[in-house]
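*Asks:* mind folding the following:
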Amino acid sequence: MMIRIRSRDGLERVSIDKPNITISELKTLIQNQLQIPIHNQTLSTNQNLLLAKSPPDLLQFADMSNPNTPLSSLNISHGSIIFLAYEGQRTIAGPAVHPAGSFGRKMTMDDLIAKQMRVTRQENPHCDSVSFDRDCANAFQHYVSETLAFAVKRGGFMYGTVSEEGKVEVNFIYELPQQGTEDILMLLRDSDEEKLVEAIAAGLGMRRVGFIFTQSITQDNKDYTLSNREVLQAAELHAESGLKEWVTAVVKLDVNEDGGADVHFEAFQMSDMCIRLFREGWFETEIGEDADPKLSIMKKDVVVGSKDVKEVDNDFFLVVVKILDHLGPLSSTFPIENRIAQVTMRALRSHLDRAKNLPFVKRISDFHLLLFLAKFLDLNSDVPALAECVLAQTAVPEGYQLLIESMANTS
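*Replies:* A predicted model of the protein is given here:
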């Protein structure tokens, strides 16, 4: 039997000879196999343990505090992940040294570069937290769960604000043209449409702050947090953004204690080393069908721990980000772009009719509606003007109101 242990050092494995061991026996195995003293170990099935900053924080995670509790009573079985926090430094046996000649082995330039490329786990993200507008998050997850049934992957760009303290707020999700399969999400980016999105976001006082995507249901039983393809895609978009607080969010199905499925959000930043390796072309971007999805392949050796390797566990590139939620300034009730059903003028009319008792500015305070309108308006004048009305919640000029209503009435 094998249990996966995730700590600040990444994902490691502990071998267990008999299945019905207690927490106390597991801690002894961790001490023997991973060189972490029993008295330094705090274990939990809750991944938030890795966000604990101080000893008092660790006390909140008591689900594995009783040493006599059997693992089977916690639904821990072969392949399960347990989270481990510990204090102090580990002592890990280094590699055997085989000198060649009087002064040791000759070093090539590639060897020297590899020594500089030391891949370690990044402890802290550059953003304090990411908060999702409840309506936009629900509109995204409802579509992938109810319509797509998590059968294929789906993604989108997250837009919102970044505070001086590094708090990221996501207020809308733009679902760009795409083609998803069980394992691959192909983004069919439309530069003209993205210009409209950026103009609306600027008028709303927002910017692109991250990338969100789903994992398909067939990925649920795989032995990774992000696959190598997902790491590559996330690193590419993070590097393109130039935003140090950029967030990558994952939506997936988790099996709950009753055997049912819960929709689950996770948020990460790609580590600084991951972005550096991507920008400098170290990643092998051609991924064969027989490649292990939990490992990213490098073109040249890098140093992980004390070893020179070309395969890096994807978890080394992930920095966990705390997730919050809030009620943002926009609604998410207008039909969303680039989905199976095409958005029509009839949808505009229905939307305006449903909200006819509200002030007109409230009726158009929806990013997806603004994007639909923007395709018929002037990018440089009309789009910013409408977005600024929504931002300030001021009256929409009568000319725009008449124009929008006449568009709706053409359906």
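*Asks:* helices or strands up against whatever helix or strand Arg208 lives in?
*Replies:* Under the criterion of DSSP states H and E, Arg208 resides in strand 207-214. For strand 207-214, the contact count by 3 or more Cβ pairs under 8 Å, 6 or more residues apart in numbering; DSSP states H and E identifies strand 155-162, strand 167-174, helix 191-203, helix 228-241, strand 247-255 as packing neighbours. All C-beta spots, glycine's among them, are computed from the backbone N, C-alpha and C.
*Asks:* now with 6 Å, please.
*Replies:* Judged by 3 or more Cβ pairs under 6 Å, 6 or more residues apart in numbering; DSSP states H and E, strand 207-214 is in contact with strand 155-162, strand 247-255.
*Asks:* for burial, what's the neighbour tally of Lys300?
*Replies:* Burial of Lys300, expressed as a neighbour count using other Cβ atoms under 10 Å, amounts to 14.
*Asks:* residues in contact with the nearest residue to Lys18 once chain neighbours are set aside?
*Replies:* For Lys18, ignoring the flanking residues on the chain, the nearest one in space by Cβ to Cβ, 6 or more residues apart in numbering is Met1 at 7.7 Å. With contact set as Cβ atoms under 6 Å, 6 or more residues apart in numbering, Met1 has these partners: Ile16, Pro19, His78.
*Asks:* select only the buried ones of the residues you listed in ChimeraX?
*Replies:* ChimeraX command restricting those to the buried ones, with burial defined by 16 or more other Cβ atoms under 10 Å:
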select :16
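*Asks:* any idea which of the contacts of Met1 is closest to His39?
*Replies:* Ile16 (21.0 Å; Cβ to Cβ).
*Asks:* related to what we said a few turns ago, lowest-confidence entry in the contacts of Met1?
*Replies:* Across the contacts of Met1, the bottom pLDDT score, 73, is held by Pro19.
*Asks:* let me see the ranges of the helices in the stretch 51-200 of the chain.
*Replies:* Counting by DSSP state H, counting those that start in this stretch, one finds helices in the stretch 51-200 of the chain at the ranges 55-58, 109-116, 134-142, 191-203.
*Asks:* next, the buried residues of the first one.
*Replies:* So that's helix 55-58. Leu58.
*Asks:* kindly state the pLDDT recorded for the nearest residue to Gly88 once chain neighbours are set aside?
*Replies:* Leaving aside its chain neighbours, Gly88 sits nearest to Asn40 (5.7 Å; criterion: Cβ to Cβ, 6+ apart). What the model reports for Asn40 is a pLDDT of 88.
*Asks:* now the one 5 residues further on
*Replies:* Reading off the per-residue confidence, Thr45 sits at a pLDDT of 91.
*Asks:* list the contacts for it?
*Replies:* With Cβ under 6 Å, 6+ apart, Thr45 has these contacts: Asp63.
*Asks:* try it again with 10 Å
*Replies:* By Cβ atoms under 10 Å, 6 or more residues apart in numbering, Thr45 lies in contact with Phe61, Asp63, Met64, Leu74, Asn75, Ile76, Ser80, Ile81, Ile82, Phe83.
*Asks:* low-confidence regions, this protein specifically.
*Replies:* 91-115, 220-221, 259, 411 (pLDDT under 70).
*Asks:* how is it partitioned into domains?
*Replies:* 2-86, 129-326, 345-409 (automatic domain parsing).
*Asks:* closest to Pro335 out of those?
*Replies:* The minimum distance between Pro335 and those falls on domain 345-409, with 4.8 Å, by Cβ to Cβ.
*Asks:* next one: the closest one to chain centre, how far?
*Replies:* 32 Å (Cα atoms, centre = their mean, to the nearest Å).
*Asks:* mind starting the numbering at 23 from now?
*Replies:* From this message on, residue numbering opens at 23, which makes the last subject domain 367-431.
*Asks:* which one of the helices and strands packed on strand 229-236 is the most hemmed in?
*Replies:* strand 177-184 (a mean of 23; mean count of other Cβ atoms under 10 Å).
*Asks:* partner strands of it, with direction?
*Replies:* strand 189-196 (antiparallel), strand 229-236 (antiparallel) (DSSP bridges).
*Asks:* can you add distance to Asp337 and give the helices and strands packed on strand 229-236 back as a markdown table?
*Replies:* What follows is these, written out as a markdown table (distance: least, Cβ to Cβ, whole Å):
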| stretch | distance to Asp337 |
| --- | --- |
| strand 177-184 | 21 |
| strand 269-277 | 13 |
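*Asks:* grab the nearest non-local neighbour of Glu220.
*Replies:* Glu220 sits nearest to Arg230 (Cβ to Cβ, 6+ apart), 7.6 Å away.
*Asks:* could I get the helices of the stretch 73-222 of the chain as TSV with distance to Gly310?
*Replies:* Formatted as TSV, the helices of the stretch 73-222 of the chain follow (distance: least, Cβ to Cβ, whole Å):
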stretch	distance to Gly310
helix 77-80	42
helix 131-138	23
helix 156-164	32
helix 213-225	31
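*Asks:* nearest to Val253, of those?
*Replies:* Going by Cβ to Cβ, the one of the helices of the stretch 73-222 of the chain nearest Val253 is helix 131-138, 19.6 Å.
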